[in-house]
Each structure stands twice: as C-alpha cells, then as structure tokens.
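Visitor: Give me a model of this one.
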Amino acid sequence: MATLIEAKDLEKLYRMGDETVHALDGVSFSIPRGDYCAIVGPSGSGKSTLMNIIGGLDTPTRGRIVIAGNDIGEMNDDDLAVFRNQTIGFVFQSFNLLPRLTALENVELPMIYGGVEPKLRTQRAAELLERVGLENRMDHRPTQLSGGQQQRVAIARALAGKPALILADEPTGALDTTTGVEILNLFGQLNRGGATVVIVTHDHDVARATRRTIEMRDGRIVSDQVNDRSARHDANI
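Guide: Model prediction:
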C-alpha cells in the first residue's frame with residue numbers, strides 16, 4: 001500500500017522565556033493511503049503540534065514530513081495554502097461552520113476558494129450532504145441544526161475538495177456519547193470507501209474505534225499498534 005504520510009525525526013521547539021520546550025522530540029512514523037488512524041495522548045503530549053504539522057498549519061524545527069509526495073518544510077505560505085485546500089479535509093471539534101451560511105453554502109465554501117464553477121460546486125455540495133444523510137437539511141443554517149448534524153456538515157465540507165487525507169481534531173469532543181458514536185461510524189464508512197482518516201484525540205475510546213493507534217507522551221511516540229477492535233460495518237456511504 002502506498003505511503004500517504006511519512007515523518008522522519010520530527011522536532012518542534014518553542015521558546016518560553018529562558019526555557020526551550022520540545023513539543024516534538026524525534027517523532028518518526030508513516031501512514032499508508034487508506035489507513036484509519038488515531039493519534040492519542042493527554043494535554044501536552046505533542047499530538048496537537050503534530051496535527052498542525054500534518055495539516056500544513058505549522059512546520060517542524062527539524063526533521064521532514066512528506067504528505068502525498070509534498071515536503072511540508074520546503075513550502076512557502078502560498079504553496080501551503082494551496083496544498084491544504086487540495087490535499088487535506090479538516091474536521092474540528094467546534095465544527096467551524098459560518099453561521100450566516102446554509103449547510104449547502106458551508107460545504108461549497110472550499111470549492112469557491114478552489115475555483116470550482118458555481119453550478120458544479122452546488123451540485124457536488126448537495127451530493128456530499130446526501131452522502132452524510134442531510135439531504136433534508138441543506139437550506140438550514142448551523143443554529144437550526146443539532147451538534148451531530150453540524151458535524152456532518154463539517155465532514156461533508158471536508159470532502160468537498162476530494163482530499164487525500166481527512167484530518168479530524170477531537171471530532172466527537174462537543175457531542176454526546178450516542179451522537180459521537182454515529183460520527184465515528186461515519187468516519188469508518190468513509191474509510192471503507194477509500195478515504196484516509198486520521199483522528200487526533202485524548203479519548204482512548206475514540207481511538208479504539210479506529211484501525212490503528214499512535215500514542216504520544218512528552219513529545220514522543222510511546223506506542224504504535226493495530227487495534228484489536230475496529231469500527232468496520234457493512235454499510236457503505
């Protein structure tokens with residue numbers, strides 16, 4: 001299976017007064033295309049820093065990370081912006097939907113930045129909302145949707161650019177348990193459809209729903225293992 005993410009000896013240093021903090025301290029791993037992976041760890045473990053580097057939102061102090069053949073450290077800000085739009089679909093804990101836009105318009109937004117023709121982007125946004133089970137909520141604004149529905153809109157938006165990677169930051173953190181399970185099942189279905197999904201979380205129950213768990217502590221990977229239990233079901237999406 002082809003490699004999508006390759007990290008080698010990643011370090012990230014921050015200066016805090018007279019002290020140097022190693023947010024990442026020699027992190028190496030690879031993630032193949034089609035994987036369903038969780039990066040898990042407590043606050044301060046380095047997982048959020050690693051997520052930002054994987055997402056092209058930050059660059060390492062040392063080391064290399066190559067995503068879909070692109071060396072993040074070699075890109076300027078403009079190149080990174082284009083890379084993120086074309087390669088990564090982001091899903092956040094707080095949904096990050098624009099309140100004045102409908103569900104359909106929120107899903108269209110990244111395609112506007114990507115230069116997709118209006119008729120095509122509206123058609124694709126509608127198809128994606130149908131794909132996540134919101135065909136009857138396309139004209140609703142975020143305040144008219146439940147938390148789970150808002151996260152489904154966010155997932156549809158993440159898929160708008162046909163990304164190589166779906167990167168989710170605590171995607172169930174603002175949801176009740178039942179709704180959180182539904183969202184994890186949706187990620188599992190997308191993965192079985194061919195999507196590469198990486199979830200960053202502090203919750204080991206969320207991590208166990210994935211195929212593989214990378215655990216971090218004090219800026220280092222302390223374990224990398226295939227999970228005994230996965231989120232696979234027969235449903236397709």
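
Visitor: Grab the longest helix from the chain for me.
Guide: Secondary structure of the chain per DSSP state H: the longest helix is helix 177-192.

Visitor: who does that helix touch, helix- and strand-wise?
Guide: Judged by 3 or more CB pairs under 8 Å, 6 or more residues apart in numbering; DSSP states H and E, helix 177-192 is in contact with strand 36-40, helix 147-158, strand 165-169, strand 196-201. Every C-beta, even on glycine, is put in place using the N, C-alpha and C of the backbone.

Visitor: would a markdown table of these with distance to residue 83 and mean pLDDT be doable?
Guide: A markdown table is the format used below for those (distance: least, CB to CB, whole Å; pLDDT from 0 to 100):
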| stretch | distance to residue 83 | mean pLDDT |
| --- | --- | --- |
| strand 36-40 | 20 | 97 |
| helix 147-158 | 15 | 96 |
| strand 165-169 | 11 | 96 |
| strand 196-201 | 15 | 96 |
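
Visitor: For residue 78, find the nearest of those.
Guide: In terms of CB to CB, the element of these nearest to residue 78 is strand 165-169, at 20.1 Å.

Visitor: Within its sheet, name the partner strands of the closest one and how each one runs.
Guide: strand 88-92 (parallel), strand 196-201 (parallel) (DSSP bridges).

Visitor: is it possible to export those strands to JSON lines including mean neighbour count and distance to residue 24?
Guide: What follows is those, written out as JSON lines (neighbours: other CB atoms under 10 Å; distance: least, CB to CB, whole Å):
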{"stretch": "strand 88-92", "mean neighbour count": "21", "distance to residue 24": "19"}
{"stretch": "strand 196-201", "mean neighbour count": "24", "distance to residue 24": "13"}
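
Visitor: neighbouring contacts of the helix-or-strand element of the chain with minimal mean pLDDT?
Guide: Confidence across the helices and strands of the chain bottoms out at helix 77-87, with a mean of 89, counting by mean pLDDT, DSSP states H and E. Contact with helix 77-87 is made by 55-57, 67-68, 70, 72, 75, 90, 110, 113-114, 161, 163-165, as judged by CB atoms under 8 Å, 6 or more residues apart in numbering.

Visitor: List only buried entries from those residues.
Guide: 55, 56, 67, 68, 70, 72, 90, 110, 161, 163, 164, 165 (16 or more other CB atoms under 10 Å).

Visitor: what about the most centrally placed residue in the chain, distance to residue 178?
Guide: Of all residues in the chain, the one closest to the mean position by CA atoms, centre = their mean is residue 167, 1.1 Å from it. Plainly put, residue 167 is 24 Å away from residue 178 if you go by CB to CB, to the nearest Å.

Visitor: Quick one: closest of the helices and strands packed on helix 177-192 to residue 212.
Guide: With CB to CB as the measure, strand 36-40 is the member of the helices and strands packed on helix 177-192 nearest residue 212 (4.6 Å).
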